[in-house]
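# sequence-free structure coming up:
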């Protein structure tokens, strides 16, 4: 019985590792970003409660301030297709980047990850910080 369980576990591990290797090597479409203003939320493929909460709070801040010209873009930092973006912005963990993008190039950017991580425990403070950063970075981008 012990031998059967051991064999089952070994086969399971081999299949899981092989599947992951194959999935990582399948050509994937590189994400394209349209010209404009963006909040880029970088997260892992397996999403944790913190990144899910951050996404909800970002959407709340955008809705409350009616930033019509700012789009939320989510990027999985651990996927090969996003390697160029991850290397350009030095992302290795959950990150929030304010980004102005034009003609496939960064016009300017601002990483607000440290502030976001320090305030994630207080939703209202997080939203207030993000609204202030949006107003500071993008200026008058709100819908009139």
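Here it is on my side, so go on. The shown structure was predicted, so the numbers you read here are calculated from the model rather than taken from an experiment. Numbers count the residues shown, from 1 in each chain.

# distance of the most centrally placed residue in the chain relative to residue 8?
The centroid of the chain falls nearest to residue 42 when counting by CA atoms, centre = their mean (1.9 Å). Per CB to CB, to the nearest Å, residue 42 is found 37 Å from residue 8. The way it works is simple: take the backbone N, C-alpha and C, and place the C-beta from them, glycine included.

# repeat for residue 95
For residue 95 relative to residue 8 (CB to CB), the value is 39 Å.

# so which of those two has more stuff around it?
The residue with more neighbours, out of residue 95 and residue 8, is residue 95; 23 against 10, by other CB atoms under 10 Å.

# OK, contacts around the more buried one?
By CB atoms under 8 Å, 6 or more residues apart in numbering, the contact set of residue 95 is 40, 41, 42, 77, 89, 111, 113.

# hey, what's it bridged with?
residue 42 (DSSP bridges).

# ok, it to residue 114 distance?
Counting by CB to CB - residue 95 and residue 114 are separated by 10 Å.

# hang on, residue 38 in a strand?
Yes. Looking at residue 38 with DSSP: H, G, I helix; E, B strand; the rest coil, it is inside a strand.

# tally of neighbours for residue 132?
Neighbours of residue 132 (other CB under 10 Å): 14.

# quick one: what helix or strand has it in it?
Using DSSP states H and E, residue 132 sits within helix 123-138.

# show the average pLDDT along that helix.
For helix 123-138, mean pLDDT is 89.

# now for residue 117: which residues touch it?
Here residue 117 is in contact with residue 94 (criterion: CB under 8 Å, 6+ apart).

# pull out the buried positions in whichever helix or strand it is part of.
Residue 117 belongs to helix 113-119 when elements are defined using DSSP H and E. Within helix 113-119, the residues scored as buried using 16 or more other CB atoms under 10 Å are 113, 115, 116, 117, 119.
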